[in-house]
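1. All I have is the shape, not the residue letters:
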C-alpha cells in the first residue's frame, strides 16, 4: 500500500499575489507529493490565473479557520512571513500537529510592532518544527531570542530551470517588483529620464502603481509601465532586456534578496543592484554590479554587458536553485511526521 501523502495546510497572507513568486514556486514543487489546502487571509491585490485552489478566510475569523483545520486535520501547518507564526502555532496546537514558517525579508528587517516577541515565542515552542530564514537574517533572529535549533538558513525559492536561457537578449533595461516605497522605483524613473536614448520597462505590481504613473508623467514618461505579468510568462520578458536595474530604498532598507536578480542572471541579463546593505553583494555575486547613485547606475548600463560576467551570471543563478535546498523543508516535515502526534496545546504563545 502506498504511503499516505502528508496533509499540509498552507497559511498565506494573500494568494495568488503576482509578486509572491516564492510561494508559487514552493507550492508547485510540493503539490504532487503532499495533500495541500491553501488558506489566504485576504484577497490578492494583483492576482494571476494559473494558481492552485484556495480559500480566503479573513484574519479576524478565527472560528472558520479553526473549523477548516479541524476538518482537514493537517499534519503540518506551513506559514509564510514571521508575523503568521502565532496563528500557525495556535492552529497546530489546536489539532496536536506541528508547524513550520518561512520568513521573507521585510518581516524580519522591520517586523510589525509588538509581533516580534510573540512570533519568536511561537517558533521556540514545541509545536514549531522549524523556521526557514535568509542566511543574512539569521543573526537578527538569534538576537531576538530565537532558539538556534529552530532556525534553518534558506535562500529565496527560485525556479532557475524556468529562466535558464543562453540565447541572445534584447537591449532594453528593466526593473520589476511590488510597487512599494522600499523599492525606490522613482529613482528608476529618474534614471530613465537621464538616458532618453534607451528603452526602459518597469514591471511594477499593485500597491502604489498610481503614484509611479504620476511620477513617470512628471518626468515626461521615460518609462514604459508594463501591466502585471503572470509568473510563468516572465522568462520571455527577461529575454527582451540587456540590463536589470534593481532600485531599493536605503532609508527603509527592507528589500531582501530579490528573486529578480537570480532570474535575470539565469536569463543572461546584466544585474545592477542598489547598494543598501553589505549582504546584497553576496546575492548579486561577481556577475553583477552595485550602485549608490543613479549616476553610477547610468555609467554601468551605458556600456555593453560583458560576456564574461554574463556567463558568470548563469553559474551564480544555478547555485541558488530551489532544488538544492528544497530538502531543508522536506526534512523538517519528515521529522515532524515521524514523531507521535501531540496532544492539544496552549494557544497564543507569550
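-> Received, thanks. Quick caveat: nothing in here was measured; it's all calculated off a predicted structure. Numbering: from 1, shown residues only.
2. Now do the helix or strand encompassing residue 210: which elements does it pack against?
-> Assessed by DSSP states H and E, residue 210 sits inside helix 209-218. Here helix 209-218 touches helix 185-194, strand 200-205, strand 223-225, going by 3 or more C-beta pairs under 8 Å, 6 or more residues apart in numbering; DSSP states H and E. (Each C-beta comes from the backbone N, C-alpha and C, glycine too.)
3. and it, what's its mean pLDDT?
-> The average pLDDT within helix 209-218 is 95.
4. any idea of the angle it forms with helix 185-194?
-> If you take axes from the mean of the first three to the mean of the last three C-alpha atoms, to 10 degrees, helix 209-218 sits at 20 degrees to helix 185-194.
5. Okay, strands next: where are they in this structure?
-> Along the chain, counting by DSSP state E, strands occupy 7-15, 35-43, 55-56, 76-80, 98-102, 128-133, 151-153, 172-178, 200-205, 223-225, 241-246, 270-274, 289-291.
6. need the ones you listed in TSV with mean neighbour count, distance to residue 144 and mean pLDDT, can you?
-> Putting the strands of the chain into TSV (neighbours: other C-beta atoms under 10 Å; distance: least, C-beta to C-beta, whole Å; pLDDT from 0 to 100) gives the following:
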stretch	mean neighbour count	distance to residue 144	mean pLDDT
strand 7-15	23	20	96
strand 35-43	18	23	96
strand 55-56	14	31	97
strand 76-80	26	17	97
strand 98-102	27	14	97
strand 128-133	24	11	98
strand 151-153	16	11	97
strand 172-178	23	25	96
strand 200-205	23	30	94
strand 223-225	19	38	98
strand 241-246	24	28	98
strand 270-274	25	26	98
strand 289-291	19	28	98
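7. for these, which one sits closest to residue 62?
-> Ranking the strands of the chain by proximity to residue 62 (C-beta to C-beta) places strand 35-43 first, at 10.9 Å.
8. how far does the helix holding residue 210 sit from the chain's center?
-> Using C-alpha atoms, centre = their mean, to the nearest Å, the distance from the centre of helix 209-218 to the centre of the chain it belongs to is 25 Å.
9. Need the contact partners of it.
-> The set of residues external to helix 209-218 that reach it, using C-beta atoms under 8 Å, 6 or more residues apart in numbering, is 179, 185-186, 189, 202, 204, 222-223, 225.
10. Please repeat the previous calculation with a cut-off of 7 Å.
-> 179, 185-186, 189, 204, 223, 225 (C-beta atoms under 7 Å, 6 or more residues apart in numbering).
11. Let's have the strands of the chain in CSV, adding distance to residue 311.
-> Formatted as CSV, the strands of the chain follow (distance: least, C-beta to C-beta, whole Å):
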stretch, distance to residue 311
strand 7-15, 37
strand 35-43, 38
strand 55-56, 45
strand 76-80, 34
strand 98-102, 31
strand 128-133, 31
strand 151-153, 27
strand 172-178, 20
strand 200-205, 24
strand 223-225, 29
strand 241-246, 15
strand 270-274, 12
strand 289-291, 15
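12. Could you dump the helices and strands packed on helix 209-218 into TSV and include distance to residue 164?
-> Formatted as TSV, these follow (distance: least, C-beta to C-beta, whole Å):
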stretch	distance to residue 164
helix 185-194	26
strand 200-205	20
strand 223-225	26
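13. Figure out which of those is closest to residue 262.
-> The nearest among the helices and strands packed on helix 209-218, by C-beta to C-beta, is strand 200-205 at 15.7 Å.
14. Paired strands for the closest one, with orientation please.
-> strand 172-178 (parallel), strand 223-225 (parallel) (DSSP bridges).
15. how does the protein divide into domains?
-> Residue ranges for each domain of the chain read 7-158+323-338, 160-320, as given by automatic domain parsing.
16. Over to the longest one now: how far is its first residue from its last?
-> Okay, so that is domain 7-158+323-338. 14 Å (C-alpha to C-alpha, to the nearest Å).
17. Check stretch 57-64 too.
-> End-to-end distance for stretch 57-64, by C-alpha to C-alpha: 7 Å.
18. same thing with stretch 137-146?
-> So stretch 137-146: terminal residues 12 Å apart, C-alpha to C-alpha.
19. which residues touch it?
-> By C-beta under 7 Å, 6+ apart, stretch 137-146 touches 103, 108, 116, 120, 123-124, 133, 148, 151, 153.
20. Read off the pLDDT value for residue 48.
-> 86.
21. What sits closest to it if chain neighbours are left out?
-> residue 230 (4.2 Å; C-beta to C-beta, 6 or more residues apart in numbering).
22. Contacts only, for the one you found.
-> With C-beta under 7 Å, 6+ apart, residue 230 has these contacts: 18, 48-50.
23. Which one of the helices and strands packed on helix 209-218 lies nearest to residue 159?
-> That would be strand 200-205 among these, by C-beta to C-beta, at 17.3 Å.
24. tilt between the closest one and strand 241-246?
-> Using the same axes, to 10 degrees: strand 200-205 against strand 241-246 is 50 degrees.
25. Off-centre distance for strand 200-205?
-> Relative to the centre of its chain, strand 200-205 is centred 18 Å away, using C-alpha atoms, centre = their mean.
26. Then stretch 308-324?
-> The answer for stretch 308-324 is 18 Å, by C-alpha atoms, centre = their mean.
27. for that stretch, what is the average pLDDT?
-> 95.
28. Pull the residues that contact that stretch.
-> 25, 29, 155, 157-161, 164, 166, 262, 265-266, 268, 270-271, 285-287.
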